[in-house]
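**Student:** got a structure for you, letters missing:
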């Protein structure tokens, strides 16, 4: 697993790097927030360890930026700031966990494993493939009980394949996942590591575990070879977003796969749309064949200008068409193919890795066009009533076109008003978000009056404030009128849209059923009092023996467990929950006065998602619960 | 209130998706045309509340079609929205300055199309 450590304390960096490397993590480090951000933009990481106080971009801002761009790489903030306010700020910024320095390294490792388990489809601490077992805690690999002596690189290679069974990794993808920036090998180097791993596995009796997919890369061998004509889409997961990935479910999966009489979540899919997809799919396959011919010719070094132009056109058309059918991952792949084909240097071809990547993309598109696919749900007329109301107060000249094009794609309903009209409007209907541009002279004077009026509305209306002023006094005045987002102008339209989206998300009514198990009735009362006003539905259980039937009956979204209870401990309950595949995704949060590091370590080993210490600090507890619920939401 | 929309796009799949999504989500009546020439003809024969127009079409492309619609007495006041893969704000601004009411970037999300059109044309109640 590849870890990005952004920490400006050299001693701690060295200590953590050494410990994490011993635990077979690949660690890249930097002491500077900006450089960390650039690394993140260039490479893929499995987890980020982030100091809060950093030069250039601090940890909180770093986290916000990360989540703003919809990057959900797990983040653990590490800091010496121990106050509840700082913890809440960190968690609200999108961090998954928060550790206060000095911390126990074993606790950090346990928290990292808990987060990485959550990201993985395999939630146990042992990855297995037939007789092969890789223990993530001890870093020991065995085959039929016999230990294998692997190098760090071989271990990470095997871990990557075991974590992503059935996924094909090109050589460049392996480099991206497993090598640090400064030590990136050639493709021959990758081949040598794969060969060495295969040899060691073979010596142990585990033959042909990793197979080569010609022109694409490597993957873990499929146990039972698929029938020749039914390569299932779920058995193929290329690197870019595509139907079937967690970002973009397959049309067949979204619709139930039959293509007939489809409904999902109460939304009907018009049968004409299914017919349209069936009707045009053949045409799209023909277009794809032209692109395939061009890439084959490119690989063979004889791509002529005419075929190249034709393939570019077909890729362009396919990008638009597949996007219209909500196949956005494939649409994006077509755009990439178009860009690559349009920019090939005349004198030379492409490196073989890039040609292989093109074939990989083509194969993924082909699979989707060949499988029995139907269409995603469509909104019915009544759904347009669920539009979010955005009240814009000020001048939209600088960002108006983008607001109208991109923002409305989110089904936002926008009204542009003067401050006086806005005060009248909010008394009639509550907006979901207000965008207030104080940089406009005529708004600046009365903008604060509007904010005062908004502050009286319950629940509070979030306000995104644009201001030219970069002084603390103005920020303080805005802050005193509520927890709003302040953006200093000039600011990009994308940043404004992102702030509005974030404000909408933060102000969305909380939903969630929380099951609390504690033998202390005072704590149960306290939790009920704290959580219900936030919109949570709270189910209280005062004895662990009653836990299982209530769990089965209420089907909660999150469970809070006391650690020490009569007869059965919270650890026992957590392990029972984790042993049942139906509940493997259920967030479990422990609540205890205990601060013993070994015990906390056991809690995370048992499968806990978080550990909160008593006495309960309301904002911290609520922030942690919200964070867990948000993380556990299906990503769309 | 029900609207009549003319969709001009040479790509059959896209035409169909737009038609179905506007009909299903808003109950609007949609008429389609597979080329600029066919679009011009239908726009003269019938009345529409708005025209959605693909930019990249063979022969008579979207902008040429737009110019002809704008120059004709019966269609010059019909609001028109361009569909384009171009994402540059500068280019979008150029289209707006030319008289287009708005631009929808391809690939669009079909489920958001109604809201996009409503907002561009200020049809949101």
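**Tutor:** Arrived safely. No experiment lies behind these values; they were computed from the predicted model shown.
**Student:** May I ask which helix or strand of chain B has the lowest mean pLDDT?
**Tutor:** Of all helical and strand segments in chain B, the minimum by mean pLDDT, DSSP states H and E falls on helix B:89-98, at a mean of 80.
**Student:** contacting residues for residue 36?
**Tutor:** All of this refers to chain A. A:4, A:6, A:30, A:48, A:50, A:54, A:57, A:62 (C-beta atoms under 8 Å, 6 or more residues apart in numbering or on different chains). Every residue, glycine included, has its C-beta placed from N, CA and C.
**Student:** try again with chain B
**Tutor:** If you count contacts by C-beta under 8 Å, 6+ apart, then residue B:36 has B:8, B:57, B:59-62, B:64-65, B:68 around it.
**Student:** and those, which of them are in helices?
**Tutor:** Among the contacts of residue B:36, the members falling in helices (DSSP state H) are B:62, B:64-65, B:68.
**Student:** which residues does the residue nearest to residue A:209 when sequence neighbours are not counted contact?
**Tutor:** Once flanking residues are discounted, residue A:209 sits nearest to residue A:201: 5.2 Å by C-beta to C-beta, 6 or more residues apart in numbering or on different chains. Residue A:201 sits next to A:132, A:143, A:148, A:207, A:209-210 when contact means C-beta under 8 Å, 6+ apart.
**Student:** just residue A:126 next, same as before
**Tutor:** Contacts of residue A:126 by C-beta under 8 Å, 6+ apart are A:133-136.
**Student:** List the buried residues in stretch A:534-544.
**Tutor:** For stretch A:534-544, the neighbour count (16 or more other C-beta atoms under 10 Å in any protein chain shown) marks A:536, A:538-541, A:544 as buried.
**Student:** Now, the contacts of residue A:201 that are in strands?
**Tutor:** Applying DSSP state E to the contacts of residue A:201, the entries found in strands are A:132, A:143, A:148, A:210.
**Student:** Output the residues you listed in a markdown table, with pLDDT, neighbour count and distance to residue A:516 appended to each entry.
**Tutor:** Formatted as a markdown table, the ones in strands among the contacts of residue A:201 follow (pLDDT from 0 to 100; neighbours: other C-beta atoms under 10 Å in any protein chain shown; distance: C-beta to C-beta, whole Å):
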| residue | pLDDT | neighbour count | distance to residue A:516 |
| --- | --- | --- | --- |
| A:132 | 86 | 20 | 40 |
| A:143 | 85 | 19 | 44 |
| A:148 | 87 | 20 | 45 |
| A:210 | 85 | 18 | 46 |
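**Student:** quick one, what contacts residue A:561?
**Tutor:** Contacts for residue A:561 were tallied using C-beta under 8 Å, 6+ apart; they are A:517-518, A:570, A:573-574, A:588-591.
**Student:** and if you look at residue B:60?
**Tutor:** Residue B:60 neighbours (C-beta under 8 Å, 6+ apart): B:35-37, B:40, B:68.
**Student:** okay, who's weakest in the contacts of residue B:36 by pLDDT?
**Tutor:** Minimum pLDDT across those is recorded for residue B:59, with 82.
**Student:** thought that residue was touching residue B:35?
**Tutor:** Yes - Residue B:59 lies in contact with residue B:35 (C-beta atoms under 8 Å); the separation is 6.7 Å.
**Student:** higher neighbour count, those two?
**Tutor:** Using other C-beta atoms under 10 Å in any protein chain shown as the criterion, residue B:59 and residue B:35 rank with residue B:35 on top: 17 against 10.
**Student:** Same question for the closest residue to the more buried one other than its chain neighbours, what's its three-state structure.
**Tutor:** Leaving aside its sequence neighbours, residue B:35 sits nearest to residue B:10 (C-beta to C-beta, 6+ apart; 6.0 Å). For residue B:10, the assignment made with DSSP: H, G, I helix; E, B strand; the rest coil gives coil.
**Student:** Format the ones in strands among the contacts of residue A:201 as TSV; extra columns: distance to residue A:288.
**Tutor:** Listed next are those as TSV, based on distance: C-beta to C-beta, whole Å:
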residue	distance to residue A:288
A:132	38
A:143	42
A:148	43
A:210	29
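**Student:** Quickly find the element holding whatever residue of chain A ends up closest to chain B.
**Tutor:** Per C-beta to the nearest C-beta, residue A:323 is where chain A lies closest to chain B, at 1.8 Å. Counting by DSSP states H and E, the element that carries residue A:323 is helix A:305-324.
**Student:** Only the buried residues of that helix, if you could.
**Tutor:** Within helix A:305-324, the residues scored as buried using 16+ other C-beta under 10 Å are A:307-308, A:310-324.
**Student:** For residue A:539, see how far away residue A:532 is.
**Tutor:** To residue A:539, residue A:532 is 11 Å away according to C-beta to C-beta, to the nearest Å.
**Student:** now residue A:455
**Tutor:** 34 Å.
**Student:** Chain B contacts on the stretch 101-250 of chain A?
**Tutor:** Residues of the stretch 101-250 of chain A lying near chain B by C-beta under 8 Å from any C-beta of the partner chain: none.
**Student:** Residue 67: neighbour count?
**Tutor:** With no chain named, the answer covers chain A. The tally of other residues near residue A:67 (other C-beta under 10 Å) stands at 19.
**Student:** Wait, chain B was what I had in mind.
**Tutor:** That count, for residue B:67 with other C-beta under 10 Å as the rule, works out to 13.
**Student:** That concludes my questions; thank you for your assistance.
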